[in-house]
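[1] Return atomic coordinates for the entry below.
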Amino acid sequence: MPKMKSNRAAKKRFSLTGTGKVRRNKNYARHILTKKSAKRKRSLRQKAIATPADEPRIKRMLSA
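    Residues are numbered from 1 along each chain as shown. Predicted structure coming up:
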């Protein structure tokens, strides 16, 4: 039986924390940034934790 392949798109977008939670990037940070405040743009640079409902699906995609 061949090895399971991880989803390469998911691998580029998500990472796991030390405790096993899923870390993700925030959206709305790509374009039309002129109308967004500096505080909001600064906040968008930080990573966020994925919701517990999505975690099992993301982890399944990341598993190699």
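[2] For the rest of this, base every contact and every neighbour count on C-alpha atoms.
    Fine.
[3] helix, strand or coil for the spatially most central residue of the chain?
    Nearest residue to the geometric centre of the chain (Cα atoms, centre = their mean): Arg24, 2.0 Å. Per DSSP: H, G, I helix; E, B strand; the rest coil, the secondary structure class of Arg24 is strand.
[4] same question, Ser15
    Secondary structure of Ser15, per three-state DSSP, is strand.
[5] Next, count neighbours for it.
    Counted with other Cα atoms under 10 Å, residues neighbouring Ser15 total 18.
[6] residue contacts, it?
    If a contact means Cα atoms under 8 Å, 6 or more residues apart in numbering, then Ser15 has 22-24 as its contacts.
[7] Quick check: Gln10 touching Ser63?
    Not quite, residue 10 is Ala, not Gln. No - with contacts defined as Cα atoms under 8 Å, Ala10 does not count as touching Ser63, sitting 10.1 Å away.
[8] Quick check on the two: which one has the bigger neighbour count.
    Counting neighbours by other Cα under 10 Å for Ala10 and for Ser63 shows that Ala10 has the greater number, 15 against 11.
[9] how near is Arg30 to Ser37?
    Using Cα to Cα, to the nearest Å, Arg30 is found at 14 Å from Ser37.
[10] Please apply the same query to Arg45.
    In this structure, Arg45 lies at 13 Å from Ser37, with Cα to Cα as the measure.
[11] go on, Ala9?
    As for Ala9, its distance to Ser37 is 30 Å (criterion: Cα to Cα).
[12] Show me the beta-bridge partners of Ala48.
    On the basis of DSSP bridges, Ala48 is bridged to Arg24.
[13] Please apply the same query to Phe14.
    Note on Phe14: beta-bridge partners Arg24, judged by DSSP bridges.
[14] Which pLDDT value goes with it?
    Phe14 is assigned a predicted lDDT (pLDDT) of 97.
[15] residues contacting it?
    Each residue near Phe14 by Cα under 8 Å, 6+ apart is listed here: 22-25, 58.
[16] before we move on, the earlier item: can I assume the residue nearest to the centre of the chain is in contact with Lys47?
    Yes - here Arg24 lies in contact with Lys47, judged by Cα under 8 Å, at a distance of 5.7 Å.
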